[in-house]
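In: Predicted coordinates and the sequence they were generated for:
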Number of protein chains: 4
Amino acid sequence: MTSSSAAAFTPSFPGYAERARDSFARQGAMALIGAQIVDVRPGYCAIALTPRREVSQQHGYVHAGIIGAIADSAGGYAGYSLFPEDSSVLTVEFKLNLLSPAAGERLLAEGFVVKPGRTLAITRGEVHAESGGKRTLVALMQQTLMVMRGKADA
Amino acid sequence: MTSSSAAAFTPSFPGYAERARDSFARQGAMALIGAQIVDVRPGYCAIALTPRREVSQQHGYVHAGIIGAIADSAGGYAGYSLFPEDSSVLTVEFKLNLLSPAAGERLLAEGFVVKPGRTLAITRGEVHAESGGKRTLVALMQQTLMVMRGKADA
Amino acid sequence: MTSSSAAAFTPSFPGYAERARDSFARQGAMALIGAQIVDVRPGYCAIALTPRREVSQQHGYVHAGIIGAIADSAGGYAGYSLFPEDSSVLTVEFKLNLLSPAAGERLLAEGFVVKPGRTLAITRGEVHAESGGKRTLVALMQQTLMVMRGKADA
Amino acid sequence: MTSSSAAAFTPSFPGYAERARDSFARQGAMALIGAQIVDVRPGYCAIALTPRREVSQQHGYVHAGIIGAIADSAGGYAGYSLFPEDSSVLTVEFKLNLLSPAAGERLLAEGFVVKPGRTLAITRGEVHAESGGKRTLVALMQQTLMVMRGKADA
C-alpha cells in the first residue's frame, strides 16, 4: 500500500530558500532571542538557538514561549518553502507540548510540512536539545498556516 | 441553574502575588522581550508588552511566538496563584490561535484559571492589542499546567 | 476602553437557523449518538446529549471523543450562522481539554464565535454536565473553521 | 548523533495487550460507531472504522468528531500499553487537524507514544483513509494522557 503522506515536496519557484532566509532576517524577534535559520528545504526548515539566561524561564531552562517561537518560525518557513512566489505566510494557530526541560548546547527546532494546500498548510514540529552528542526531544508542535496570495513578503 | 465554572478562586497562601512577581523576575526571557507583569489575582494574571521592531515578525507585527510567550506566562502565573506554597509551575502544553495582526501601543496578555486541580490546572488566555483607547483581541489560548509539589520555585 | 471582542454578531441572511438545523439533520453521526441541536443564534449554537452506556468510555462516563464530536458540531454551527448563504462549513482543527468526568442527566455543548472572518472563523466551546439543577464544566474547546464559499451545504 | 526520541518501548507487564482490548470492549461509544481495535503493541495502537452514513457529517464524509473519537482512543491505548498494571488511562486533552475529506473503504487511526512518563504521557496520532490500495492522511492528532495509578481499569 502506498502512502500519499510520504510524498516529497516541490518548491513553487527556485528562490524559495533565499526568500525564507530574507524573511527570517526581517523577524526582529528571532534576532532578539538569538535564533538562526540553519536549513531550508522544500517542506522543511530548521532553526537553532543557544540556551542561555536571556531566554530562560524561572528555573533556568529555555522558556516554553521561546521554544514555541522557534517552533512556530520553523513550521512557518517549512510551509512558506512551498508557497507561490507572490505570497506571504501567516500562522493561524499552533499547539505545543513541552516534553522535557530545555537545556544543553543547542536547541534545534524543525518544521515539517504534513499537508500543503491552496489556502492552508499543516505542519508538525519537533524541538530537540543537543548536549554531548545526544539529542533529547523537548517539544512537539502541530500548526496551521495560511497562504497570503498576492502579498509578497518584503 | 448555578454554574460550578464561575466560582471565585482562593489563593492557597497570602504570599501568592509576591511569589508570582518574584518568579516572573527570574524569567530571563520576559526581561529580554520587555514584558512586565501588571496584575496578579487569585486565578488571574496580566502581562504587558510594548510592540516594537525587536519583537516583530517579518511584516512588523508582534511575532506569533512572542504573543505565545506572554500568553503562556500569563496563564502560568494565573494558575500558580492557586498552587501550594511549596510548589512550582510547569507548562504541559498550550494552543494559541492568532486572530488579528498584533500592533498598537500595548499588548495585554491575560490568563484565567478555568479548572484548578491537585496535579493539573487548565487555563484560558486572551491577548488584546490596545490602541487609541480601543482593544482588539489578537490571540486566544488554551493551556494545561502541572503542579510541581515539593519543589519551591526559587 | 471598549472591546472589539464583545461585539454582537449579525447573521448574513434570515434563514441561518433553519439552514443550521437542516445541515445538522444530515449529520448521520449526530443522530447515531443521539445528539440534538437545541439552540442556534447568530454566533452561537447549543447541542444536547443524554449520557448513557452507548456513548461511554471504559469507566461509564461519556467518551472524550463523543464530547469532542458535540463540541465540534456546536462550534461549527455557531460559525456557520454567520457564513454567506451559498457556503458550507468545514472544521480545520479543534483542541479539547477534558476537565471533569462527564455524566449526569444531560450534556450541553455550546459553541461561541470569537472571530468571524472571510475565509476562517475561530470559535471556543464549553461542555457542561447538568445534574440535579447543577452545571459542571466538563470540557473546553478552541476551534478553527473554514468558510467554503460557492458550495451550498445541501 | 543518537536520538532519545526513537527509543522502542517496553510494556510494564505481559498482559498489556489483553488489558487494552478488554478496556476497549467496555467503551460503549466504540461499539456504537462500529470501531474495532486491530493492533496493540508497546507504545502503539490501531483502531479501524468503516465509513458509512451513520458516522457522517452533512456532506457524507466521516464526521470530524468521530475521527477525533477513534484518534483519541488509539492514542489512549497506545499510552495505556506502557502504564503500570494497577492503573487506568485518562485523556487530558487532544488537538486534531483535519486534512482531507474522510471516505473510502476503511479509516485507520494510529496512536504513537512520543513521551511516556510517570504522571503524563504524550502521544501523536494519524488517521488514514484507505481506498483501492491507496492511503490518504485525513487527520493529525497531538494528545496528553494521564496515568491514573492505583485505579485498575475494570
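Out: Yes, it's here.

In: If you count neighbours, what's buried in the longest strand along chain A?
Out: What stands out as the longest strand in chain A, according to DSSP state E, is strand A:134-149. For strand A:134-149, the neighbour count (16 or more other C-beta atoms under 10 Å in any protein chain shown) marks A:135-148 as buried. For every residue, glycine as well, the C-beta is placed using N, CA and C.

In: Now the two most distant members of those residues.
Out: Farthest apart among these by C-beta to C-beta are A:136 and A:148. That separation is 35.3 Å.

In: sorry, back to before: point out the other helices and strands that the longest strand of chain A packs with.
Out: The contact analysis (3 or more C-beta pairs under 8 Å, 6 or more residues apart in numbering or on different chains; DSSP states H and E) places strand A:134-149 against helix A:64-80, strand A:87-98, strand A:106-115, strand A:120-131, strand D:2-3, strand D:87-98, strand D:106-115, strand D:134-149.

In: These: which one's closest to residue B:77?
Out: It is, among those and with distance given as C-beta to C-beta, helix A:64-80, at 12.5 Å.

In: Is there proximity between that closest one and chain B?
Out: Yes: residues of helix A:64-80 contacting chain B under C-beta under 8 Å from any C-beta of the partner chain: A:64-66, A:68-73, A:76.

In: Export the buried residues of strand A:134-149 to TSV and append columns for pLDDT and distance to residue C:11.
Out: Below are the buried residues of strand A:134-149 laid out as TSV (pLDDT from 0 to 100; distance: C-beta to C-beta, whole Å):
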residue	pLDDT	distance to residue C:11
A:135	97	52
A:136	98	51
A:137	98	46
A:138	98	46
A:139	98	41
A:140	98	39
A:141	98	36
A:142	98	32
A:143	98	31
A:144	98	26
A:145	98	30
A:146	98	25
A:147	97	29
A:148	95	28
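
In: returning to that earlier point: what is the nearest of the residues of helix A:64-80 next to chain B to residue D:153?
Out: Using C-beta to C-beta, residue A:64 comes nearest to residue D:153 of these, at 32.2 Å.

In: Could you tell me the per-residue confidence at that closest one?
Out: Here, the pLDDT recorded for residue A:64 equals 97.

In: quick one, what contacts the residue nearest the centre of chain A?
Out: Closest residue to the average C-alpha location of chain A: residue A:74 at 0.8 Å, with C-alpha atoms, centre = their mean. Residue A:74 is in contact with A:45-47, A:109-111, A:125, counting by C-beta atoms under 8 Å, 6 or more residues apart in numbering or on different chains.

In: what separates the residue lying closest to it once chain neighbours are set aside from residue C:123, distance-wise?
Out: Closest residue to residue A:74 apart from its sequence neighbours, by C-beta to C-beta, 6 or more residues apart in numbering or on different chains: residue A:111 at 3.6 Å. Distance of residue A:111 to residue C:123, given as C-beta to C-beta, to the nearest Å: 26 Å.

In: in chain A, which ranges drop under the pLDDT threshold?
Out: For chain A, the stretches with pLDDT under 70 are A:1-7.

In: Near chain C, which residues of it? Just list them.
Out: Contact residues (C-beta under 8 Å from any C-beta) of chain A with chain C: A:92-93, A:95, A:119-120, A:144, A:146.

In: Please save the CA atoms from stretch A:77-86 in CSV.
Out: Below are the C-alpha coordinates for stretch A:77-86, written out as CSV (Å, rounded to 0.1, in the frame of the first residue of the first chain):
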residue,chain,number,x,y,z
TYR,A,77,9.2,28.7,6.9
ALA,A,78,8.8,25.0,6.2
GLY,A,79,5.3,25.8,4.8
TYR,A,80,6.5,29.0,3.1
SER,A,81,9.0,27.0,1.0
LEU,A,82,6.1,25.6,-0.9
PHE,A,83,4.0,28.8,-1.3
PRO,A,84,3.7,30.7,-4.6
GLU,A,85,6.2,33.5,-5.4
ASP,A,86,3.9,36.4,-4.8
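
In: buried ones in it?
Out: Buried, per 16+ other C-beta under 10 Å, within stretch A:77-86: A:77-83.

In: related to what we said a few turns ago, quick one, which of the helices and strands packed on strand A:134-149 is packed in tightest?
Out: Among the helices and strands packed on strand A:134-149, ranked by average contacts under mean count of other C-beta atoms under 10 Å in any protein chain shown, first place goes to helix A:64-80 (a mean of 31).

In: hmm, stretch A:54-68 touching chain D?
Out: No: for stretch A:54-68, no contact with chain D is found by C-beta under 8 Å from any C-beta; the gap never falls below 13.5 Å.

In: Could you do stretch A:119-128 as well?
Out: Yes: interface with chain D: stretch A:119-128 contributes A:122, A:124, A:126, A:128 (C-beta under 8 Å from any C-beta).

In: just to revisit the earlier point, just put the residues of helix A:64-80 next to chain B in TSV and tack on distance to residue B:24.
Out: Shown next, in TSV, are the residues of helix A:64-80 next to chain B (distance: C-beta to C-beta, whole Å):
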residue	distance to residue B:24
A:64	14
A:65	12
A:66	15
A:68	18
A:69	18
A:70	22
A:71	23
A:72	22
A:73	25
A:76	28
